[in-house]
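>>> model this:
(2 chains)
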Amino acid sequence: MSETLDLPPDTPLRQSKRAVIVGASSGVGAALARELGRRGWAVALVARREQELDALCREINAAAGETRAARYVHDVTDYGAVPGLFQEILGDFKRIDSLAYVAGVMPNVVFSEYDFGKDQKMVEVHVLGAMAWLGQAAIFFERMRSGQIVGVSSVAADRGRVKNPGYNASKAAFDTYLEALRNRLTRSGVNVLTVRPGPIRTAMTEESGGLMMVPPEKVAADIARAMRRRRQVLYTPRRWWAIMLVVRNLPSFVFRRLNF
Amino acid sequence: MSSNGLLPLDRLARLENFGHSLGAPAFVYRPTNVEQVAELFQAARKQDARLTFRGAGRSYGDAALNAGGIVVDLQRMNRILAWDPQTGRITAEPGVTIEQLWKYVLADGWWPAVVPGTMFPTLGGCLGANIHGKNNWQVGTIGEQVLAYSVLLPGGEAMDLTPEDDLFYAFISSMGMLGMITRVTLQMKRVHSGELAVHAWAEPSLQAMLEATDRSKDENDYVVGWIDTTRRGEGLGRGQMHTADYLPAGADPAPRRTLQVEYQVLPDTMFGLLPKSLIHKIMPLAMHNPGVWAVNSAKYLASSTLGNHKRYRQTHVAFNFLLDYVPDWERGYGRGGLLQYQCFVPKETAGGAFKDVLQLSRSVGLPAYLGVLKRHRPDRFLLSHAVDGFSLALDYRVTARNKSRLEMLISELDSLVLDAGGRFYFAKDSTLSAARVRDFLGEPVVDRFRQLKAKLDPQGLLESDLYRRCFSENGETDG
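Predicted structure coming up:
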């Protein structure tokens, strides 16, 4: 941050919530930033693409009529930069109440394709980047004995499917990591929310297409509500809870013959 | 500092104010000498981090919080450096507490001339806030007992100051925002007994309370009033007065005994039967409007009948450190914490202003749970809270449900107090905006403070949450 961020000072009677959103430049991340901004949160926007980030930051501040968002250009695969950036954000925002890891990639993978480059990228963004960020957040929240970690996983984490093994595997690793964090941090008063959205209409899914797509705004609104209620796991839209209950219990002799 | 140039995460801690109504993350360091503090200044400069000092953490507001930055906890710099029992002059480090101080000097026949309502704060904190006691009218603030002190500036320079220097009146009262007081020499007060002669009686109205306080201010060494905050109409502001006087030489038949530290005990039960360590646990049972009404009414009834015009002797500790009777009493206010509102109003307008304050508070259904009245006199210190008049300190319970109503009420109270020419106190305040601070301190004082800040701390290394709230440039346009 070059310019200083002037958030309204805390008083015992008025304290704005403060969130870091990693992967904020588009899709669910951007929608969540707007949603939290509308709800009065101050948001630190972390993402790779500077222009999108700038525009979003300006949009949120203009809508609020005050400085509520600040942006930090960062590539989540630049793991070494995370501790320094975390500290910079803490210095700017003074407090952090929630950290949401929304960064995700979904390269188009065809049925017979095994592309290590694509798989590697997904593991880097969904798993290693998440570990770099959420590890910092875990230390911080544990010491504060409060706080909230939000991880945007996917319904794809529930089973390995024919379409994109790298996506399923990396989201499953992320999902398990979140569960482990929850089990570690619950005793320190920290809430860990795992979000498993169904397909969302974003730039990431534009090429692949798909059934029952929902706009990112709907997902963001559901996440914000679940954050408020300090839920543990959220399927959004809700029908995916029922669908995945069935899918999780499909026996392999059926599942391996499906194109789903 | 760690080798990668970052502040180490294992220094991170969540710090709270005394009222437990705020919590903020900070990187906490606990130096043992001035050299280490100078190194911390350097490190902060390199990190572009802000730094603030913390003593015992007894400020009701955000004075010793620095969210996201460095907090230098000075409690380990707690040595008494020199003591002369002939002259009563003592030199100490800033982490020495009031408790250490009185325990050190009492047996030699001395007592700290100014102490707050609790013995746990450090001298550094007391000087930063320029605290007062129940004898403010007679002897002034703690700053007026100081003979000399030394400071360390953020740039690394040291300075020695005495009351002849202009700057003497700036470091004291400016909440540690200009530099660090590294040692202080204080004049103690000669006492001929470990006890005070106390007189307690009831007064039926606010006006009577103010008149009694004003009458007693010249006759007695200490005077303080407890106000029943729950009454309206005729009885509004009724309460109980306490005065206390030092005993002249010869009045105490056994001064050697009463001047022993062991003699200066706080009672360990309340009302003769409740173990006081349990009180903060049962306090929540009465922490609602009807409960507070019942407790206040019972207290007034007792003080106006059985306890009326009682004269007795009480130790210095028992009379002065009322807040220490119940350990952790502030926890009794529950999760949202305690907000103390103390306003200082000139004697000419105090009656009307306090009446309005109590009435408004009651009429919106948010009566204060405790009210304390004191008499004050003006002083020369830069960011002074003092007036030739009275102060009313009110304790409010903060809950998730009453927050926004309480915020509106406090804002209204601020306007009432400012209209009456009143002032506020940084040791207590947690809600004033920069604009309101400018209103009560006056433009010239704030400008002078800013000039000093620019000169003594040109890089602005010293910043607390209180400083950002009360002195931020951009906060001055809103109300």
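
>>> Next, residue A:133: phi, psi?
phi -80, psi -50 (degrees, to the nearest 10).

>>> how much space is there between it and chain B?
14 Å (CB to the nearest CB, to the nearest Å). Using the backbone N, CA and C atoms, a C-beta is placed for each residue, glycine as well.

>>> Hmm, that residue is touching residue A:96, no?
No: under the criterion of CB atoms under 8 Å, residue A:133 makes no contact with residue A:96, lying 11.6 Å away.

>>> Which one of those two is surrounded by more residues?
Comparing residue A:133 with residue A:96 by other CB atoms under 10 Å in any protein chain shown, the one with more neighbours is residue A:133, at 27 against 24.

>>> Give me the average confidence score over the helix or strand where residue B:45 lies.
Element membership of residue B:45 [criterion: DSSP states H and E] is helix B:34-47. Averaged across helix B:34-47, pLDDT comes to 95.

>>> is chain A contacted by the helix or strand just after it?
Using DSSP H and E, the helix or strand that follows helix B:34-47 in sequence is strand B:51-54. No: contact between strand B:51-54 and chain A is absent, the nearest approach being 12.0 Å (criterion: CB under 8 Å from any CB of the partner chain).

>>> After strand B:51-54, which helix or strand is next? Please name it.
Counting by DSSP H and E, the element after strand B:51-54 in chain order, helix or strand, is strand B:70-73.

>>> who does that next one touch, helix- and strand-wise?
Applying 3 or more CB pairs under 8 Å, 6 or more residues apart in numbering or on different chains; DSSP states H and E, we find strand B:70-73 packed against strand B:23-29, helix B:34-47, strand B:51-54.

>>> Switch the ones you listed over to a markdown table; also include mean neighbour count.
Shown next, in a markdown table, are the helices and strands packed on strand B:70-73 (neighbours: other CB atoms under 10 Å in any protein chain shown):
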| stretch | mean neighbour count |
| --- | --- |
| strand B:23-29 | 23 |
| helix B:34-47 | 17 |
| strand B:51-54 | 26 |
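
>>> want to try JSON lines for those, with distance to residue A:33 as columns?
Output for the helices and strands packed on strand B:70-73, formatted as JSON lines (distance: least, CB to CB, whole Å):
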{"stretch": "strand B:23-29", "distance to residue A:33": "22"}
{"stretch": "helix B:34-47", "distance to residue A:33": "28"}
{"stretch": "strand B:51-54", "distance to residue A:33": "31"}
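
>>> Check what pLDDT residue 208 gets.
Here I'm looking at chain A. pLDDT, read off for residue A:208, is 60.

>>> meant chain B actually
Looking at residue B:208, its pLDDT reads 97.

>>> neighbours around the residue in the stretch 301-450 of chain B that chain A sits nearest to, how many?
In the stretch 301-450 of chain B, the residue that lies nearest chain A is residue B:407 (4.0 Å; CB to the nearest CB). If you count neighbours by other CB under 10 Å, residue B:407 ends up with 17.

>>> ok, now residue B:250?
Applying other CB under 10 Å, we find 9 residues neighbouring residue B:250.

>>> Please, which helix or strand holds the residue of the stretch 301-450 of chain B closest to chain A?
Residue B:407 belongs to helix B:403-419 when assigned by DSSP H and E.

>>> Check which helices and strands that helix is in contact with.
Using 3+ CB pairs under 8 Å, 6+ apart: helix B:403-419 touches strand B:338-346, helix B:347-363, helix B:434-441.

>>> Could you dump the ones you listed into JSON lines with distance to chain A, mean neighbour count and mean pLDDT added?
Below are the helices and strands packed on helix B:403-419 laid out as JSON lines (distance: least, CB to the nearest CB, whole Å; neighbours: other CB atoms under 10 Å in any protein chain shown; pLDDT from 0 to 100):
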{"stretch": "strand B:338-346", "distance to chain A": "5", "mean neighbour count": "24", "mean pLDDT": "97"}
{"stretch": "helix B:347-363", "distance to chain A": "15", "mean neighbour count": "19", "mean pLDDT": "96"}
{"stretch": "helix B:434-441", "distance to chain A": "9", "mean neighbour count": "20", "mean pLDDT": "97"}
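
>>> quick one: which of those is nearest residue A:76?
For residue A:76, the closest of these is helix B:434-441, at 38.1 Å, according to CB to CB.

>>> Chain A contacts on the stretch 351-479 of chain B?
So far as CB under 8 Å from any CB goes, the stretch 351-479 of chain B lies against chain A at B:398, B:403-404, B:406-407, B:410, B:430-431, B:465, B:468-469, B:472, B:474-475.

>>> make it 7 Å
B:398, B:403, B:406, B:407, B:410, B:430, B:431, B:465, B:468, B:469, B:474 (CB under 7 Å from any CB of the partner chain).

>>> which one of those is nearest residue A:233?
residue B:403 (30.6 Å).

>>> Compute the number of surrounding residues for the closest one.
Residues lying near residue B:403 (other CB under 10 Å) number 18.

>>> Report the residue spans of the chain with pLDDT below the cut-off.
Reading this off chain A. Low-confidence segments of chain A (pLDDT under 70): A:1-4, A:204-211.

>>> ah, I was thinking of chain B
For chain B, applying pLDDT under 70 flags the ranges B:1-5, B:269-273, B:474-479.

>>> which other residues reach stretch B:449-459?
Residues outside stretch B:449-459 that contact it (CB atoms under 7 Å, 6 or more residues apart in numbering or on different chains): B:45, B:153, B:154, B:170, B:174, B:177, B:178, B:179, B:382, B:383.

>>> Format these as TSV; extra columns: secondary structure and distance to residue B:111.
Listed next are those as TSV, based on DSSP: H, G, I helix; E, B strand; the rest coil; distance: CB to CB, whole Å:
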residue	secondary structure	distance to residue B:111
B:45	helix	42
B:153	coil	33
B:154	coil	35
B:170	helix	28
B:174	coil	27
B:177	coil	30
B:178	coil	30
B:179	coil	29
B:382	coil	28
B:383	coil	27
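
>>> How many neighbouring residues does the closest residue to residue B:159 other than its chain neighbours have?
Once flanking residues are discounted, residue B:159 sits nearest to residue B:151: 5.0 Å by CB to CB, 6 or more residues apart in numbering or on different chains. Close neighbours of residue B:151, defined as other CB under 10 Å, add up to 21.

>>> Please enumerate residues in contact with the helix or strand hosting residue B:151?
Assessed by DSSP H and E, residue B:151 sits inside strand B:146-152. Strand B:146-152 has contacts (CB under 7 Å, 6+ apart) with B:34, B:37-38, B:89, B:158-162, B:171-172, B:179-187.

>>> cool, stretch B:376-393 as well?
With CB under 7 Å, 6+ apart, stretch B:376-393 has contacts from B:130, B:132, B:136-137, B:140-141, B:143-144, B:169-170, B:172-174, B:210, B:213, B:340, B:342-347, B:350, B:354, B:357, B:371-375, B:422-426, B:441, B:445, B:448-449.

>>> now do 6 Å
With contacts defined as CB atoms under 6 Å, 6 or more residues apart in numbering or on different chains, stretch B:376-393 is touched by B:130, B:136-137, B:140-141, B:143, B:169-170, B:172-174, B:342-347, B:350, B:354, B:372-375, B:423, B:425.

>>> The nearest residue to residue B:161 once chain neighbours are set aside and chain A: what is the separation?
Leaving aside its sequence neighbours, residue B:161 sits nearest to residue B:168 (CB to CB, 6+ apart; 4.5 Å). Distance, residue B:168 to chain A, using CB to the nearest CB: 30 Å.

>>> Break down the stretch 251-400 of chain B into its helices, ranges please.
Along the stretch 251-400 of chain B, the segments classed as helices by DSSP state H, counting those that start in this stretch run B:255-258, B:279-282, B:289-304, B:316-320, B:347-363.

>>> try the stretch 1-150 of chain A
Per DSSP H, counting those that start in this stretch, the stretch 1-150 of chain A carries helices over the ranges A:27-38, A:50-64, A:82-93, A:116-123, A:129-144.

>>> which ones are touching the nearest residue to residue B:391 once chain neighbours are set aside?
Nearest non-adjacent residue to residue B:391, counting by CB to CB, 6+ apart: residue B:344, 4.5 Å away. Contacts for residue B:344 were tallied using CB under 6 Å, 6+ apart; they are B:385, B:387, B:391, B:422, B:423.
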